[in-house]
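**Student:** Sequence and predicted structure, then a few things I'm wondering about:
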Amino acid sequence: MEETDRGYLELFRNRRIALGLTSSGLAWGGYAIYEIAILLLSYQISHSLVVVGLVVLVEYGAYSITFIAGPTVDRARNLRTVLLLGYALQAVFAFAIGLTVQSGHLSIPVLLVLVAGISLVWDFTWTADNALIPRLASAGELFRANALFNAISGANTVAGFGVGAALLLLVGPGGGMFVYALLNVAAAALVIPLSLPSERKAVTGILEDFWEGWKEIGRGEGRPLLQLAIFSSAQAVFVGAAPLLITFLTQREFPDPTLSYALLFSSFTVGGVVGGLALGYLNPRRSVSLYMLGSTAAEGLLILASVYAAPLLGPSLVLWFLTGIVAAAFYQAYLTYIQAVVPLDRFGRVLTNLYLFRGIPTSIGALVVGTLATVWGAPLLALVIAATFVGCAVLGPLLLPGIRRLTF
């Protein structure tokens, strides 16, 4: 694609970019409603953070096998088909959760099965979403295109948390599942006119496709993708800690658990939008490593401060907002680098294979957080989380020198 460098407004004036990002944004808004509802719902039916951690383990455990989606997305004749099927199936699963809540038949096993279903389908739509952006933007525009995607999806996520919070107060978490289903239907409707035919010319077998995606990770001088994967797996152990700790702290420490849960969750998400836009504006193509390592250390320290700030609502809002900023900065820098250096015809497979390194530690870490928060309490757990993040930022570049030179 031609090397250009358009601003945010000019990028969004492109009809194809506008359709793709708006459709994805609606889906992310619906997913926000799902996220804010599912953690509280699992806590309400179990009164145990261990069960909440188990729900997150199932969710991220399904994400960790996203590599099954990579060959499918790369081989698809049109990405639109993957998105349409993914949005439709998520709507079905979300509607099923809403119905079982309404009828009183939602048990923990049923909830785990339906969460697994949504997460498995999300593997395909998430992969297709990320494969969409490098097809529509040049290398020079990737940080801004991702920031624009983050802004639209993030704004809808914030709106989703607002809607989800209102639904929690008015009709409980089950009502949000019906809205989640409707937003997925709307996302599917918007993507219908957006044709995204594959540019792939070679025809190979599925097993060969699968292996080619893994070989790509080991290519290049110093194997930077492989080193990034190893670092990412260590960094990912506690990336799911923020929402779990928000759930735990608001239900145990704050005087109005439901309202404070909605406010702190929204603050964390707004921070993610701001962090993504700031990174897109800076466009740090020559200093990807600096932003990844700095945001990793900052996230650990901010989580520690956020835990100790409870139950003070004002300081907690500010600290979780800042935590959202640095969390988004790390992941956006990580994703943009991959989009920039991996060939488009292998992108889906490489991205999903790399996520295996993040998904497994994240799912295990979620269960660890849920268990240790109950056994140790949040303050001691926060110290361990902070030490892990800071340790990754300090030891990572020493043990993995390749991650000190990530540029494109």
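**Tutor:** Now that the structure is in, tell me what you want to look at.

**Student:** and stretch 338-358, how far apart are its ends?
**Tutor:** In stretch 338-358, first residue to last residue: 14 Å (CA to CA, to the nearest Å).

**Student:** I17 is in contact with A137, correct?
**Tutor:** Yes. Between A137 and I17 there is a contact under CB atoms under 8 Å: 7.3 Å. Yep, even glycine has a C-beta here, placed from its N, CA and C like the rest.

**Student:** Tell me the residues that contact both of those two, please.
**Tutor:** Common contacts of A137 and I17 (CB atoms under 8 Å, 6 or more residues apart in numbering): L11, A145.

**Student:** Quick check: chain neighbours aside, which residue is closest to L26?
**Tutor:** Once flanking residues are discounted, L26 sits nearest to A187: 4.3 Å by CB to CB, 6 or more residues apart in numbering.

**Student:** Next up, phi/psi of the one you found, please.
**Tutor:** In terms of degrees, to the nearest 10, the main-chain angles of A187 are phi -60, psi -40.

**Student:** For it, give its distance to A298.
**Tutor:** 33 Å (CB to CB, to the nearest Å).

**Student:** coming back round to it: what residues are up against the residue nearest to L26?
**Tutor:** Contacts of A187 (CB under 8 Å, 6+ apart): S23, S24, L26, A27, G30, L83, Y87.

**Student:** Kindly report the same for I364.
**Tutor:** L57, V237.

**Student:** And it, what's its pLDDT?
**Tutor:** At I364, the model reports a pLDDT of 87.

**Student:** again, but for D5
**Tutor:** According to the prediction, D5 has pLDDT 52.

**Student:** For the longest helix anywhere in the chain, buried residues please.
**Tutor:** Ranked by residue count under DSSP state H, the longest helix found in the chain is helix 15-46. Within helix 15-46, the residues that count as buried by 16 or more other CB atoms under 10 Å are 17-43, 46.

**Student:** residue ranges of the helices in the stretch 101-250 of the chain, please?
**Tutor:** Under the criterion DSSP state H, counting those that start in this stretch, helices of the stretch 101-250 of the chain are mapped to 108-136, 142-170, 173-191, 206-217, 224-235, 241-252.

**Student:** of all the ones you listed, which lies closest to A386?
**Tutor:** Closest to A386 of the helices of the stretch 101-250 of the chain, according to CB to CB: helix 241-252, at 10.1 Å.

**Student:** outside of that closest one, which residues touch it?
**Tutor:** With contacts defined as CB under 8 Å, 6+ apart, helix 241-252 is touched by 35, 39-40, 43, 49, 52-53, 56, 257-258, 260-261, 264-265, 268, 303, 306-307, 310-311, 316, 320, 323-324, 327, 365-366, 369-370, 373, 378, 381-382, 385.

**Student:** again, only this time at 7 Å
**Tutor:** Applying CB atoms under 7 Å, 6 or more residues apart in numbering, the contact partners of helix 241-252 are 39-40, 43, 49, 52-53, 56, 257, 260-261, 264-265, 268, 303, 307, 310, 320, 323, 327, 366, 369-370, 373, 378, 385.
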